[in-house]
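**Q** Sharing a model that was predicted from the sequence below.
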Amino acid sequence: MTSEIGEDNQVASSQEEHSGDLTEQDCSECEARRHCLGDGLSEEQMQGLRKITHTLGPFKPGETIFRVEDKFKSLFVIQSGAVKIETASFEGTKLVDGFFFRGDLVGLESIGAEQYGHDAISLGRTLVCELPFDHLESLCSFVPRLQRKLMIILGQKIRYTNDTIVRGRYMSAEKRLLSFMQMLCEKKIIKKNDNTGSVQLPMSKGDIASYLGLRPESLSRALSKLQNDGIIRNHTKKIEFLDIKAILQQVCG
């Protein structure tokens, strides 16, 4: 993978190309505000955050926001769309390490490192806010609430990663899939109507299998079982949830 990675100026050129595609969005009008780093800040504090924020996009499906081993410079908040982060195994197989949706911070894993540890790839038409980390770090020293919010997000990330890795080693393919569906519920990705709902998957089933540490055939069997149990209806790029309560009960059970 390293041989395919461009230098910093290539990434900067890509980001400059996308930064001119739209005007800066007012945070007060952004749909992701209730989920992002600026939630709970006063208007004066938000002004400081706006000054260091740059809107990039739209990124098309498959385009990279940053690449592994690029110099770490910024965090990115997703305004709209979705992003996956991936690395390569020693054999060259692509490994999906995470999915990010509206309001999520991308790049947290690289704080304290010289370089990004993943490729960040758009899964659909995606807009992001770029937060240069040196400016964000300086702003946090003047806005304790912002610093606390960043620490909370980091703590949540660590807990979720630990739970996923530790619990996942002992979970069946079906349980792993149910846990993934629970995450989609918590991220408000699933369009719910009482106890039913649906999600248009921005990622491929192969990406989901990689993220869950499953073989594609194991994921397919797990989906078929949930469909036979009347919990979901499985489509190529869409999943209908016929019994959301059953999903949550099985994950917590």
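**A** Ah, there it is. Numbers count the residues shown, from 1 in each chain.
**Q** so where is this structure shaky, pLDDT-wise?
**A** For the chain, applying pLDDT under 70 flags the ranges 1-36, 40, 251-253.
**Q** Find the centremost residue of it, please.
**A** The structure's the chain has its C-alpha centroid closest to F100; by C-alpha atoms, centre = their mean the separation is 0.9 Å.
**Q** That one - nearest residue in space that isn't next to it in sequence?
**A** V83 (4.6 Å; C-beta to C-beta, 6 or more residues apart in numbering). Bear in mind the C-beta positions are built from the backbone N, C-alpha and C, glycine included.
**Q** Could you tell me how far the one you found is located from H54?
**A** Distance of V83 to H54, computed by C-beta to C-beta, to the nearest Å: 17 Å.
**Q** Now do the phi/psi pair for the residue nearest to the centre of the chain.
**A** phi -130, psi 140 (degrees, to the nearest 10).
**Q** Over to H54?
**A** phi -130, psi 130.
**Q** Just to check, it is in contact with H135?
**A** No. H54 is not in contact with H135 according to C-beta atoms under 8 Å; the separation is 10.3 Å.
**Q** contact partners of the longest helix along the chain?
**A** Longest helix of the chain, by residue count under DSSP state H: helix 144-168. With C-beta atoms under 8 Å, 6 or more residues apart in numbering as the test, helix 144-168 has contacts from 37, 39-41, 45, 49, 105, 108, 111, 136, 139-141, 176, 179, 212-213.
**Q** Make a PyMOL selection of whichever of those turn out to be buried.
**A** A single PyMOL command selects the buried members of those (16 or more other C-beta atoms under 10 Å):
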select buried, resi 37+41+45+49+105+108+136+139+140+176+179+212+213
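**Q** among the contacts of helix 144-168, which are in helices?
**A** Among the contacts of helix 144-168, the subset assigned to helices under DSSP H consists of 45, 49, 136, 139-141, 176, 179, 212.
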